[in-house]
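Participant: A structural model of the following input is requested.
(one chain, ligands or ions: 2)
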Amino acid sequence: MLLASIMEVCLKYHTDYLTWTGFWLYRPINNQEVEEKEFEAEATTIVFHYHSSRKMEGAVRVQILSQAGISEVPSQYIQPPENRLTPISNILTSLSCSNVPAIDLSHEKESVIADIREACREWGAFHVINHGGYGSRMLVSSQNDTVLDWRDYFDHHTLPLSRRNPSFWPHFPPEYRTLVADYSDEMIVLARRLLRLISESLGLRASCIEDAVGEFYQNITASYYPPCPQPELTLGLQSHSDMGSITLLIQDDVGGLQVLKDGEWLTVQPLPDAILVLLADQTEIITNGKYRSSVHRAVTNASKARLSVACFHDPAKEVRVSPASDLVSQSSPPHYSSIVYGDYVSSWYSKGPEGKRNLDALLLDT
Ligand SMILES: O=C(O)CCC(=O)C(=O)O
Ligand SMILES: [Fe+2]
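Facilitator: Numbering: from 1, shown residues only. Ligands and ions are numbered 1, 2, ... in the order given. Just a heads-up that it's a prediction; the model follows:
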């Protein structure tokens, strides 16, 4: 079971390994994209180096803060009141929710397509189960006014193969690198399959979204959210929609991912062996807004660490993305201006996500 295995190795890496080496390699810096750097066990120096060379106060692994047993989070992690959760003492007690739809991919194709159409229209997110037997990138800035996420994460560049260099990845536990590579290979197959079904659910030719995206750039991000002493003041990951085309996410059984639906934050109940599908911004552009990307965030809790593994599928930086010509006509004008994906990413990183502001900036007056 690849899903279970990938969670397990990532968790083992976080709990057994990071705990004693005490570092986090890819702590984000200055709203810039973080390049993969050669993995090395002495990465404490790298974090330290970021601190001193970029005057980054406070960018320590939150796991360290959590383990130190602090009762109040440092001020950089405190969200402005409008972003905080409704006042509840323990997020874990509030996990009852209407869950995102679960779609069984082993069902007959026409019914799968109908379910996907409904889920994409209503939610922009859905679970897939029986997805073929397989089986968590937000940057923060060093500026003082930026609120930090209560999250540590590790990013792997996995596709195209020319970007995949497992020697940059953790080497513990021993099966780590092979598993991440296998997982990447399985997820690209599933992502393509889903994008074909999503295209068909709009009456488009199956390859329409894939053709618009071109070669897939895949990244896999494992996110670790340690217990947080003040969950009501913090977020594990601030509100955002993902930049690329489609995200496939698995989470452990703790729960904490929320999707915004009809103005309300709903917790996505973890579903064993299911993969959560999140439509991302380029799919919203390509479908000319027929399907919207999912706005989501992660909340923290005071007692349990949480792990998620997100697999992102993005266009190449030089690809120009625009609404599919089949969805544009005189009676249905384009709702978004076209954009070179690399420019979209740069603007995202320079302004930050804040929900969907980067996508909203492309909306045309129609
Ligand atoms: O941890 C999660 O469940 C969400 C992760 C996520 O949304 C992201 O990395 O973009
Ligand atoms: Fe996300």
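
Participant: Am I right that V295 is in contact with G355?
Facilitator: Yes: here V295 reaches G355: they are 5.5 Å apart, a contact under CB atoms under 8 Å. All C-beta atoms are positioned from the backbone trio N, CA, C, and that covers glycine.

Participant: For those two, list the residues in contact with both.
Facilitator: Taking CB atoms under 8 Å, 6 or more residues apart in numbering as the criterion, V295 and G355 both touch S239, H240, S241, L260.

Participant: List the buried residues for stretch 265-284?
Facilitator: Of all the residues in stretch 265-284, those buried under the rule 16 or more other CB atoms under 10 Å are 265-271, 274-284.

Participant: Just the ones of those in helices?
Facilitator: In helices, defined here by DSSP state H, the members of these are D281, Q282, T283, E284.

Participant: In space, what's closest to the last one - neighbours in sequence excluded?
Facilitator: Counting by CB to CB, 6 or more residues apart in numbering, the nearest residue to E284 once its immediate chain neighbours are dropped is S293, at 4.5 Å.

Participant: In contact with the one you found: list those residues for me.
Facilitator: For S293, the contacting residues are G124, S241, D242, L278, L279, A280, D281, T283, E284, K356, L359, by CB under 8 Å, 6+ apart.

Participant: so what pLDDT did it get?
Facilitator: S293 carries a pLDDT value of 97.

Participant: Pop out the phi and psi values for it.
Facilitator: Summarising the backbone geometry of S293 under the convention degrees, to the nearest 10, its torsions are phi -70, psi 150.

Participant: still on that earlier bit, which among the contacts of S293 are in contact with ligand 1?
Facilitator: The subset of these within reach of ligand 1, counting by CB under 6 Å from any ligand atom, consists of D242.

Participant: closest to ligand 1 among the contacts of S293?
Facilitator: Within the contacts of S293, distances to ligand 1 taken as CB to the nearest ligand atom reach their minimum at D242, with 5.3 Å.

Participant: What separation do you get for the residue lying farthest from the centre of the chain and A212?
Facilitator: Relative to the C-alpha centroid of the chain, counting by CA atoms, centre = their mean, Q330 is the outermost residue, at 35.5 Å. According to CB to CB, to the nearest Å, Q330 stands 21 Å off from A212.
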